[in-house]
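Asks: Here is the input, now give the coordinates:
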Amino acid sequence: MIGKPAIRPDLESITRYRWQEGWESMVPDGQPILRLDQNTPPDPPDWYAGAAARLAAVPVQRYPDSRYTALREAIAAYIGFPADQIVATAGADEALVLCALLALSPGDRAYVREPYYAMFGNATRLAGGVLVHEPEGARLHWVCAPHNPTGEAGRPEDTEPRDGLVVIDQAYVEFGGEDLSSLVCERENTVVARTLSKAFAIGGARVGYLIAPPAIAEKLDAIRPPGSISSHSVALAEMALAETDGMRELVAATIAERVRMSALLRDAGMDVPESHTNFLSIDLGEPNDEAVRRLLHQGIVVRTFDEAPNAIRVTVATRPDNDRVLAALGIQPPEPAAHSVADGRVGSVDRRTKETHITCRVSIDGSGAARVTTGIGFLDHMLNALAFHSLFDLDLTCTGDLWVDEHHTVEDVALALGQAIDQALGDRAGIARFGDTRAPLDEALCHATVDLGGRGYAMIRLPLRGGRIGGLPSSLISHFFDSLSRTGRMAIHLEGHGGDDHHIVEAAFKALALALRAATARDDRRSGTLPSTKGAL
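Replies: The predicted structure follows:
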């Protein structure tokens, strides 16, 4: 080899930031992996399944707008700051590096209290600075609130006025703690770093931002690489910022699960500090090796730290995933209360395969409200019609392998929907059981008959002539109804006629919706008894 590497002496020993490592060898072959070590949601946002068409329209041959004007304006609308005080970055980590490069010269001190987020150390060293744990003489002050890795809200002394650049990392602020962005307006030396990776669930896009006083924002923007956020990431970020209602629902569900898990873990004798983030720091009271081994045997990856050998850090996920964690730690969560027809009839399914991931929630006694995203526009349209006319509330999201074809998505959506309806019906006591209706759409007319007697069967006679309706192959329509009938444990008979395939199929879904509305209705004359001469369904 010719030539001596020109590596800065102070970077000779630097190591890369990493999440949990070494777990791959401990997970059995074929075991699905659940990553709960990265503090990102386990599922993509609901809108993501339908994002492909917009992403395909992004001009991939050109660099992104180096000013990120539209993105900064979308962030500004979300947080209520002027766009000229926002610096868009490739994740919050690039934001931290930019702050270190702006504030530190070789040998300068940067303060952080222990324990601390590892990127504070890496960013400091990259700028040539020295990380210290006493604030005196520091040119840069790192603050993390809510705090990673403890989850605490933050301490008053963290935000006392100081000389030098104060960088407040608020990556988890949507999940709790105090919004400290007002300090940017009150002080000339304070900036706030945030991300769309956590609450907005687009960590793979790597989009973050800084909120800064105008003079600092101008200088940060000057040293920022001109195209570090890709055009596709910008498009995803803009879509995410247009769906803040969905983000807030995810945050609310995460907080509810955080509270539930914390209580169960504490009842089991574990020390769990109050968290204001989307993760829990759990002190097991003994070395964590055995617990980590049990978790990994089930494909569950959690975070550990050398300085805390008795602890694990776990990202709060969905209730089924969280229950898997609890069970692996020897905690049996209480069973959800059984419901009867007199209660709110709700079914919830989380279905994961190598081909699709589906979450589905059905409330039979709803108002017809629906939020459906499958990645197939016409299927979304039909499921919205099914919910509206049956008066079922439906929340369904599917991320499937549409790059293969539509088959797995259509089939698995039907299976999950049927399973959720079956769950919502409970023991089926007190229902009408049968529904028989017709629905027209212009020249098309369809007749649907439903029997909720517990046996799955479908007889479909729809004279479809074309190969596709929008993005849905016509051959999968009968298969959808057949799959729905099997897991929904219902007989479905559908027949119709018409000259337009779209009209025929839409009339079929509407007729089925009306039949389900009739069949699931409460029959007060039955007084809660099963609608069967056998005494069983």
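
Asks: The worst-scoring helix or strand of the chain on mean pLDDT - contacts with which helices or strands?
Replies: The helix or strand of the chain with the poorest confidence is helix 52-56; it has a mean of 84 (mean pLDDT, DSSP states H and E). Packed against helix 52-56 by the contact rule (3 or more C-beta pairs under 8 Å, 6 or more residues apart in numbering; DSSP states H and E) you find helix 231-241. Quick note: C-beta positions are derived from backbone N, CA and C, even for glycine.

Asks: V450: which element?
Replies: strand 444-451 (DSSP states H and E).

Asks: Next secondary structure element downstream of the least confident helix or strand of the chain?
Replies: Sequence-wise, the next helix or strand downstream of helix 52-56 (DSSP H and E) is helix 69-79.

Asks: Measure how far the helix or strand following that next one is from the centre of its chain, please.
Replies: Once the chain leaves helix 69-79, the next helix or strand it forms, by DSSP H and E, is strand 86-89. Counting by C-alpha atoms, centre = their mean, to the nearest Å, strand 86-89 is centred 23 Å from the centre of its parent chain.

Asks: relative to helix 231-241, how tilted is the next helix or strand after strand 86-89?
Replies: As assigned by DSSP H and E, the chain's next helix or strand after strand 86-89 is helix 91-103. In terms of direction (axes from the mean of the first three to the mean of the last three C-alpha atoms, to 10 degrees), helix 91-103 departs from helix 231-241 by 110 degrees.

Asks: Grab the longest helix from the chain for me.
Replies: Looking across the chain with DSSP state H, the single longest helix is helix 244-267.

Asks: Which residues does that helix contact?
Replies: For helix 244-267, contacts defined as C-beta atoms under 8 Å, 6 or more residues apart in numbering pick out 41, 45-47, 78, 174-176, 199-201, 240, 272, 274-275, 278, 280, 282, 316-319, 322, 325-326, 329, 331, 333.

Asks: and the helix or strand that that helix is followed by, how far from the chain's centre?
Replies: Counting by DSSP H and E, the next helix or strand C-terminal to helix 244-267 is strand 279-283. Centroid separation for strand 279-283 versus its chain: 20 Å, with C-alpha atoms, centre = their mean.

Asks: by contact count, what packs against strand 279-283?
Replies: Partner elements for strand 279-283 (3+ C-beta pairs under 8 Å, 6+ apart): helix 244-267, strand 308-315.

Asks: is it true that M270 touches L284?
Replies: Yes: assessed by C-beta atoms under 8 Å, M270 is found in contact with L284 at 5.9 Å.

Asks: what touches both of the two?
Replies: Shared contacts of M270 and L284, defined by C-beta under 8 Å, 6+ apart, are found at L329.

Asks: just the helices in the stretch 351-500 of the chain please.
Replies: 377-390, 407-425, 475-488 (DSSP state H, counting those that start in this stretch).

Asks: and these as JSON lines, adding mean neighbour count?
Replies: Below are these laid out as JSON lines (neighbours: other C-beta atoms under 10 Å):
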{"stretch": "helix 377-390", "mean neighbour count": "22"}
{"stretch": "helix 407-425", "mean neighbour count": "23"}
{"stretch": "helix 475-488", "mean neighbour count": "21"}
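
Asks: ok, and for the longest helix of the chain, which residues are buried?
Replies: Neighbour-count burial for helix 244-267, counted by 16 or more other C-beta atoms under 10 Å, picks out 246-247, 250-251, 254-255, 257-258, 260-262, 264-265.

Asks: ok, now stretch 80-96?
Replies: Using 16+ other C-beta under 10 Å as the test for burial, stretch 80-96 gives 81, 83, 85-96.

Asks: Residues touching it, excluding its own?
Replies: 17, 68-69, 71-73, 75-76, 79, 98, 119-120, 123, 142, 167, 169, 171, 181, 184, 193-195, 197, 206-214, 217, 220-221, 224-225, 228-229, 233.

Asks: hmm, which of the residues you listed are the buried ones?
Replies: The neighbour count (16+ other C-beta under 10 Å) marks 68, 71-72, 75-76, 79, 98, 119-120, 123, 142, 167, 169, 171, 181, 184, 193-195, 197, 206-213, 217, 220-221, 224, 228-229, 233 as buried among the contacts of stretch 80-96.

Asks: Including distance to A110 and pLDDT, could the buried residues of stretch 80-96 go into JSON lines?
Replies: Shown next, in JSON lines, are those (distance: C-beta to C-beta, whole Å; pLDDT from 0 to 100):
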{"residue": "F81", "distance to A110": "25", "pLDDT": "97"}
{"residue": "A83", "distance to A110": "29", "pLDDT": "97"}
{"residue": "Q85", "distance to A110": "23", "pLDDT": "98"}
{"residue": "I86", "distance to A110": "24", "pLDDT": "98"}
{"residue": "V87", "distance to A110": "19", "pLDDT": "98"}
{"residue": "A88", "distance to A110": "24", "pLDDT": "98"}
{"residue": "T89", "distance to A110": "18", "pLDDT": "98"}
{"residue": "A90", "distance to A110": "21", "pLDDT": "97"}
{"residue": "G91", "distance to A110": "20", "pLDDT": "96"}
{"residue": "A92", "distance to A110": "17", "pLDDT": "96"}
{"residue": "D93", "distance to A110": "15", "pLDDT": "96"}
{"residue": "E94", "distance to A110": "17", "pLDDT": "97"}
{"residue": "A95", "distance to A110": "15", "pLDDT": "98"}
{"residue": "L96", "distance to A110": "11", "pLDDT": "98"}
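
Asks: of those, closest to G30?
Replies: G30 lies nearest to G91 out of the buried residues of stretch 80-96, by C-beta to C-beta, at 32.2 Å.

Asks: What separation do you get for that closest one and G164?
Replies: Applying C-beta to C-beta, to the nearest Å, the value for G91 to G164 is 24 Å.

Asks: Quick one: residues in contact with stretch 520-537.
Replies: 340-342, 345, 364, 390, 425, 427-433, 435, 452-454, 489.

Asks: One more: stretch 143-150?
Replies: For stretch 143-150, contacts defined as C-beta under 8 Å, 6+ apart pick out 39, 115-117, 120, 152-154, 158-159, 166-173, 175-178, 180, 273, 275-277, 279, 281, 303, 305, 313.

Asks: Can you list which of the residues you listed are found in strands?
Replies: Mapping those onto strands (DSSP state E) picks out 166-169, 279, 281, 303, 305, 313.

Asks: Just the buried ones from the residues you listed?
Replies: Judged by 16+ other C-beta under 10 Å, buried ones among the ones in strands among the contacts of stretch 143-150: 166-169, 279, 281, 303, 313.

Asks: Understood, closing this out.
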